[in-house]
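Asks: following is a predicted model, sequence given first.
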Amino acid sequence: MTEINEQNGSVSNSDNEKTNQLSKNWLIILFYIYLHIFGIGGFYFLFTKAKWMTVLYFASLVIFSYIGLTVGAHRLYAHQTFTASTSLRFFLVTAHILAGVGPLYDWVLWHRVHHKYHNTDKDPYDHRKGFIYAHVLGNFLSVPSDQQTYLKNIDMRDVDSDRLVWLQKRFYWILFIVLGFLLPVRVPVMYWGESFVNSVLVIGVARLIITTHIAWLVNSALLVWGMKKGARYPINDNSVFFLMKSYWLNYHYILPWDWKSEEFGSYEKGFSTFMIKMMYEMGLIKNMKTATTEDLRETLEEMATSQIPINEAFNKLKKKSEENACRESLLYHP
Ligand SMILES: [Zn+2]
């Protein structure tokens, strides 16, 4: 009897949690609807009424946020594709506040859930449901009843131990309101006499729409640039994309720890990859993990000849890449 009551109790608790989560999500959905309505005005003002300085300032804030989202949240924190100095991590975590997409910790957690459960019912941005779901709806509608259970399966110890991420999470809303909204909106009014309305609509609203869609697109990009369903693969070679990295986003879902996987450009080419190279030259990052075509070929050969499980083969490849990255970082670079 007690068992039945406990069971009923846990069912109603999970139902309550789900209802609370859904009503919270509806508030967020309303926020984004209003953001987009005002954003239309913001883009109109950006192209017709804003001063040139405001346009340049808008572009530089978007670029700054873009680096925080792609280099910081995605490649550094979600996939640990390299290690970064404290000063660079400070820069990236601050840039992420400017993007205004919620705490970095949460984005990393959900991106890891997305990778771990890719193409299953537990994937919050389930690509099988189409682009609109993966890009927009998945951010609000994925409220599985066993959410807490499967979140426990995501290893976040590396991110948990980062004090900057912890601080950002702890004080996120106050940091975002001051650093990510009020300060950026105040600057054009104070320094080059932009009107307050222009500044709020362009720098406050339109900018946040762009950064929000950049953050969402990292989870849905595979549907835009990845291998299409039913695509005609090169004759006798289904793994050519893997070796040539021509479908770099499909490659990213197989080897997410490769630092050269661009979010929106192409493999090893693109703005974020260029920025990482610059940061490396400045001595701010090291241990950059990547898989050479030769190593990939060897892994495929080993899988084919010795019949070792795919996960084991990829783990071996990752270990080899980590060793190579470590060896490289020990070399003297004048
Ligand atoms: Zn990823």
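Replies: Happy to help now that I have it.
Asks: so which residues of the chain form strands?
Replies: Secondary structure of the chain by DSSP state E: the strands cover 83-84, 285-286.
Asks: paired strands for the first one, with orientation please.
Replies: When you say that, I think you mean strand 83-84. strand 285-286 (antiparallel) (DSSP bridges).
Asks: for the strand it pairs with, give the mean pLDDT please.
Replies: Averaging pLDDT along strand 285-286 gives 92.
Asks: circling back to that earlier point, so which of the strands of the chain is nearest Ile154?
Replies: strand 83-84 (20.5 Å; Cβ to Cβ). Quick note: C-beta positions are derived from backbone N, CA and C, even for glycine.
Asks: returning to what we had before: deepest-packed of the strands of the chain, please.
Replies: Most buried of those, by mean neighbour count (mean count of other Cβ atoms under 10 Å): strand 285-286, with a mean of 20.
Asks: looking at the strands of the chain, which is nearest to Tyr267?
Replies: strand 285-286 (18.8 Å).
Asks: what sits up against that closest one?
Replies: 82-85, 88, 276, 279-280, 325, 329 (Cβ atoms under 8 Å, 6 or more residues apart in numbering).
Asks: ok now do the residue minimising distance to the centre of the chain, which residues does it touch?
Replies: The centroid of the chain falls nearest to His74 when counting by Cα atoms, centre = their mean (4.0 Å). Counting by Cβ under 8 Å, 6+ apart, His74 makes contact with 111, 218, 263.
Asks: against Leu109, how distant is Trp26?
Replies: Distance of Trp26 to Leu109, computed by Cβ to Cβ, to the nearest Å: 22 Å.
Asks: which of these two has more neighbours?
Replies: Set side by side, Trp26 and Leu109 show more neighbours around Leu109, with 16 against 11, by other Cβ atoms under 10 Å.
Asks: skipping its backbone neighbours, what lies nearest Pro256 in space?
Replies: Leaving aside its sequence neighbours, Pro256 sits nearest to His79 (Cβ to Cβ, 6 or more residues apart in numbering; 4.6 Å).
Asks: His135 too?
Replies: Nearest one to His135, counting by Cβ to Cβ, 6+ apart, is Ser220 at 3.9 Å.
Asks: burial count for the one you found?
Replies: As a measure of burial, Ser220 has 22 neighbours, counting by other Cβ under 10 Å.
Asks: repeat for Thr293
Replies: Thr293, neighbours per other Cβ under 10 Å, totals 11.
Asks: what's the answer for the one 10 residues further on, then?
Replies: By the criterion of other Cβ under 10 Å, Met303 has 18 neighbours.
Asks: go on, Lys318?
Replies: For Lys318, the neighbour count with other Cβ under 10 Å is 16.
Asks: residue contacts, it?
Replies: Here Lys318 is in contact with 255, 257, 289 (Cβ under 8 Å, 6+ apart).
Asks: keep only those of those that are in helices.
Replies: Using DSSP state H, the subset of these located in helices is empty.
Asks: nearest to Tyr34, of these?
Replies: Among those, and counting by Cβ to Cβ, the member closest to Tyr34 is Trp257, at 38.5 Å.
Asks: just checking, the closest one touches Leu76?
Replies: No - between Trp257 and Leu76 there is no contact, the gap being 11.4 Å when judged by Cβ atoms under 8 Å.
Asks: which one of those two is surrounded by more residues?
Replies: Taking neighbours as other Cβ under 10 Å, Trp257 and Leu76 compare with Leu76 leading, 26 against 20.
Asks: of the contacts of strand 285-286 - the most surrounded one?
Replies: For these, neighbours tallied by other Cβ under 10 Å; top is Ile276, 25 neighbours.
Asks: what's it in contact with, if anything?
Replies: Ile276 neighbours (Cβ under 8 Å, 6+ apart): 71, 75, 82, 259, 285, 288.
Asks: and if we set it to 6 Å?
Replies: Val71 (Cβ atoms under 6 Å, 6 or more residues apart in numbering).
Asks: also Ala134?
Replies: Applying Cβ under 6 Å, 6+ apart, the residues near Ala134 are 125, 127, 220, 223.
Asks: please apply the same query to Met288.
Replies: 82, 259, 325.
Asks: same deal with Lys51?
Replies: Glu194.
Asks: hmm, try it at 7 Å
Replies: With contact taken as Cβ atoms under 7 Å, 6 or more residues apart in numbering, Lys51 is in contact with 192, 194.
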